[in-house]
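>>> sharing a sequence plus its predicted fold:
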2 protein chains.
Amino acid sequence: MDTPAALIDTLKMQRNIQRMQQRANALGVHLRPHVKTHKCAEVVAAQVAAGARGITVSTLKEAEYFFDLGIADILYAVAMAPHKLPQALALRRRGCGLTLITDSLAGAQAIMDFGQEQGETFAVMIEIDCDGHRSGVKPQDPLLLDIARLLGASLTGVLTHAGESYGLDTPEALQAIAELERARCVEAAEQIRAAGMPCAQVSVGSTPTALSALNLEGVTELRAGVYAFFDLVMHNIGVCRIDELALSVLTTVIGHQPEKGWIITDAGWMAMSRDRGTQSQKRDFGYGQVCDERGEPIAGLLLSSANQEHGVVQLQGGTVDVAAQFPLGTRLRILPNHACATGTQFGSYHVLLDNGDRQVWERLRGW
Amino acid sequence: MDTPAALIDTLKMQRNIQRMQQRANALGVHLRPHVKTHKCAEVVAAQVAAGARGITVSTLKEAEYFFDLGIADILYAVAMAPHKLPQALALRRRGCGLTLITDSLAGAQAIMDFGQEQGETFAVMIEIDCDGHRSGVKPQDPLLLDIARLLGASLTGVLTHAGESYGLDTPEALQAIAELERARCVEAAEQIRAAGMPCAQVSVGSTPTALSALNLEGVTELRAGVYAFFDLVMHNIGVCRIDELALSVLTTVIGHQPEKGWIITDAGWMAMSRDRGTQSQKRDFGYGQVCDERGEPIAGLLLSSANQEHGVVQLQGGTVDVAAQFPLGTRLRILPNHACATGTQFGSYHVLLDNGDRQVWERLRGW
């Protein structure tokens, strides 16, 4: 196998998928995985087999790709840009149960105007801002009901995402933000219902909150993405062990600077991505935790810096005879900071199956 | 045009290419552009038309791609991993004038052993460490001559890259490191020649040093990559004006948080990359400088944060009625921190030609 290559350990991936599905089942909600992490047919198939109901996508290209693979229930969870409406219409005309989202009157108006012009009733959810993280309407904002009224029969529900959960790392703080995410989204749904309009769907989630919520009363579905692979950022947040990370990058030792204790690898930022998500967390893993070829972490060995096609591996807090212990041609595996960012650097995954066989799984990229 | 999209302004690109070629001509050296920045046939064609002699690549996949497009003189400027030798051999057997590099006895031995086994004389340069940045042998290290003797008739020259130049931002410091890069590489060549071996090629370069060197005595060729597009990191280093940046990302406004002055765009880190190269420089541009649709920078408006498919644009040091001034659907262009990292997020470039026409240029990705 050439390097660098993205590897999936399917045993770990299957356990991660089971774990999240079991949580959704125990909490009494559907699970709608966010496929932006992996963008891969085989991973979606494993999620659906485990019990997922529909998928979440971050681009309409993902919607097209997975609809062509037979998935009809798709939520496009980025505020709808008016110029993308013809692409959404084409998907609906082909039978895709595509749901859009919006958080503005201008956005809702554009969807309604285009729908009327084309004779199409789009399904639309209103995005709720539960934590000030990014987009969405606050549940108490009168704008919420104005958008709901404008959408009329197109309105299918409300959704939110507690992106601020990524900045936390204690169970108490995670439970609190999971409850905030639930409560604010349910509050928005109740505001709409109190105004005499239906609001069937109440959709919440992020991997940290999904794995921390104690109850999801009033919620109908959970969305999460990165849990299928997990990564070092999730490990620092505290929602997975390091031996649960299912995605790694296989690399080859291509040189050394022995006096400095540097091992040069052929996995630089082109393979790992430029994501330094652990930089601001309780443990900074540089560009990744280095493991041996079988995936066993080597204590203290980090990919400490990265150029385009070069990585520099260094032992933290110790010295090692790098050329002797990691000779030219040695294979290593690197656990990434952020699985979504690392995955997208590759056009396919190399997959280690439970029975020892290997497969290549294609991966979607771009827009 | 859908968004996000990578745009090339060809007028700026052509000027950048001319500028570097004229410098190489004035300094009396050949220019061997590094194509890892753009990985695009049309950009290489413009570089060759301007006078480039051969190309530099960062992967053997680039070598295969550009050889198939008719470029035979290719330097693979990453230390050769032994397992990639069959791929290099296949290229040479097809007539490609591929040159490899090494900086270790183990690496040189692997090349020589495989060459002998296959009846192939590879062309190999020794990588020199001029600034402690990454890989390479120091000119004074006895290892240099040991590697040279081992390579024998395969040795074609020495090369170096002053990667530390990326951390500088004054003309004096850049001139000094350009001179260091030249002097150390020439010193290595002279050591080899003094030991009775030929060392025809002396190859140096990086965009900052190439644009700062006062003379290149003893050097035969210059390598540089990012100059074709330039970027905000290069602007901070001081080697280009902001109006010389030829690559930008076209994005659409998809929402607002008016109280916070946030404009939400559909260009997040999936479009821009996670590269935060200006974070440690004299001016931090966040994830990029925001321009109007024609590419004119809007003073103080930065892409201040990025999620996967969401960007948050904010005005630095001021307030603005975001929904009124940048309504839903507004098109903006974002100048990237690092053109090599942003370019690779896309499978193709949209190109604005001098005559107003548009083209789509394909871009290579992966390994």
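Structure's in. What do you need? Source: prediction; values computed, not measured. Residues are numbered from 1 along each chain as shown, chains lettered A, B, ... in the order given.

>>> give me the neighbour count for residue A:125.
26 (other CB atoms under 10 Å in any protein chain shown). The C-beta positions use only the backbone N, C-alpha and C, and glycine is treated the same way.

>>> can you spell out which helices and strands pack onto the host helix or strand of it?
If you go by DSSP states H and E, residue A:125 is part of strand A:123-128. Packed against strand A:123-128 by the contact rule (3 or more CB pairs under 8 Å, 6 or more residues apart in numbering or on different chains; DSSP states H and E) you find strand A:97-102, helix A:143-151, strand A:155-160, helix A:171-194.

>>> quick check: most distant residue from the centroid of chain A.
Distance from the centre of chain A peaks at residue A:259, with 40.2 Å (CA atoms, centre = their mean).

>>> from chain B, how far out is that residue?
10 Å (CB to the nearest CB, to the nearest Å).

>>> what's the answer for residue A:311, then?
In this view, residue A:311 and chain B are 10 Å apart by CB to the nearest CB.

>>> next, give phi and psi for the closest residue to that residue other than its chain neighbours.
Spatial nearest neighbour of residue A:311, chain neighbours left out: residue A:265 (4.1 Å); criterion: CB to CB, 6 or more residues apart in numbering or on different chains. Torsion angles at residue A:265 (phi, psi; degrees, to the nearest 10) stand at phi -120, psi 170.

>>> so residue A:321 sits right up against residue A:258, yeah?
Yes. Using CB atoms under 8 Å, residue A:321 is in contact with residue A:258, at 7.3 Å.

>>> more neighbours, the two?
residue A:258 (13 against 10).

>>> contacts only, for that one.
Counting by CB atoms under 8 Å, 6 or more residues apart in numbering or on different chains, residue A:258 touches A:321-323.

>>> out of the residues you listed, who's near chain B?
residue A:323 (CB under 8 Å from any CB of the partner chain).

>>> reformat the contacts of residue A:258 as JSON lines; add secondary structure and pLDDT.
Compiled in JSON lines, the contacts of residue A:258 are given as follows (DSSP: H, G, I helix; E, B strand; the rest coil; pLDDT from 0 to 100):
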{"residue": "A:321", "secondary structure": "coil", "pLDDT": "94"}
{"residue": "A:322", "secondary structure": "helix", "pLDDT": "95"}
{"residue": "A:323", "secondary structure": "helix", "pLDDT": "95"}
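
>>> nearest to residue A:8 among the contacts of residue A:258?
Of all the contacts of residue A:258, residue A:322 has the smallest distance to residue A:8: 28.6 Å, by CB to CB.

>>> tell me how many other residues crowd the closest one.
By other CB under 10 Å, 23 other residues sit near residue A:322.

>>> that one against residue A:259, yeah?
No. With contact defined as CB under 8 Å, residue A:322 does not count as touching residue A:259 (9.8 Å).

>>> can you pull out the helices in chain A?
For chain A, helices defined by DSSP state H occupy the ranges A:10-27, A:41-50, A:60-68, A:85-93, A:105-118, A:143-151, A:171-194, A:207-210, A:232-237, A:269-272, A:322-325, A:339-343.

>>> residue A:221 and residue A:56 touch, don't they?
No. With contact defined as CB under 8 Å, residue A:221 does not count as touching residue A:56 (9.4 Å).

>>> and these two? Which one has more around it.
For residue A:221 and residue A:56, the more surrounded residue by other CB under 10 Å is residue A:56, and the numbers stand at 26 against 21.

>>> show me what residue A:97 is bridged to.
residue A:73 (DSSP bridges).

>>> which residues touch the residue in the stretch 151-300 of chain A positioned nearest to chain B?
In the stretch 151-300 of chain A, the residue that lies nearest chain B is residue A:274 (3.8 Å; CB to the nearest CB). Residues near residue A:274 by CB under 8 Å, 6+ apart: A:306, A:341, B:273-276, B:338, B:341.

>>> compare the residues you listed and tell me which is most surrounded.
residue B:273 (29 neighbours).

>>> contact partners for it?
Residue B:273 makes contact with A:273-274, B:336-338, B:341-342, B:344-345 under the criterion CB under 8 Å, 6+ apart.

>>> distance of it relative to residue A:306?
13 Å (CB to CB, to the nearest Å).

>>> what about the nearest residue to residue A:292 once chain neighbours are set aside, neighbour count?
Nearest in space to residue A:292, with sequence neighbours left out and distances taken as CB to CB, 6+ apart, is residue A:298 at 6.1 Å. Burial of residue A:298 is recorded as 17 neighbouring residues (other CB under 10 Å).

>>> next: residue A:68.
11.

>>> between residue A:221 and residue A:56, what contacts are shared?
What both residue A:221 and residue A:56 touch, as defined by CB under 8 Å, 6+ apart, is the set residue A:32.

>>> just how off-centre is stretch A:177-187 within its chain?
Offset of stretch A:177-187 from its chain centre (CA atoms, centre = their mean, to the nearest Å): 20 Å.

>>> can you give me the buried ones in that stretch?
By neighbour count with 16 or more other CB atoms under 10 Å in any protein chain shown, stretch A:177-187 contains the buried residues A:177-187.

>>> residue A:284 reaches residue A:278, doesn't it?
Yes. If you go by CB under 8 Å, residue A:284 and residue A:278 touch, sitting 5.2 Å apart.

>>> contacts only, for the residue nearest to residue A:292.
Per CB under 8 Å, 6+ apart, neighbours of residue A:298: A:290-292.

>>> out of the residues you listed, which is most surrounded?
Among the contacts of residue A:298, residue A:290 has more neighbours than the rest - 29 neighbours, counting by other CB under 10 Å.

>>> quick check: residue A:140 vs residue A:184, distance?
Note on residue A:140: its distance to residue A:184, by CB to CB, is 9 Å.

>>> now do residue A:324
Relative to residue A:184, and taking CB to CB, residue A:324 is found at 57 Å.

>>> go ahead and confirm residue A:82 touches residue B:330.
No. Using CB under 8 Å, residue A:82 is not in contact with residue B:330, being 10.7 Å away.

>>> those residues of the stretch 51-200 of chain A touching chain B, which are they?
A:58-59, A:78-84, A:87, A:103-104, A:106-107, A:110, A:129, A:134-135, A:163.

>>> swap in 6 Å and give it another go.
Counting by CB under 6 Å from any CB of the partner chain, the residues of the stretch 51-200 of chain A close to chain B are A:58, A:78-79, A:81-82, A:103-104, A:106-107, A:134-135.

>>> and the two most separated of those?
Based on CB to CB, the longest span within those runs between A:58 and A:106 and measures 21.5 Å.

>>> looking at the two, which is more packed in?
Between residue A:58 and residue A:106, residue A:58 has the larger neighbour count (other CB under 10 Å), namely 24 against 17.

>>> excluding its backbone neighbours, what's nearest that one?
Per CB to CB, 6+ apart, closest to residue A:58 is residue A:36, 3.9 Å.
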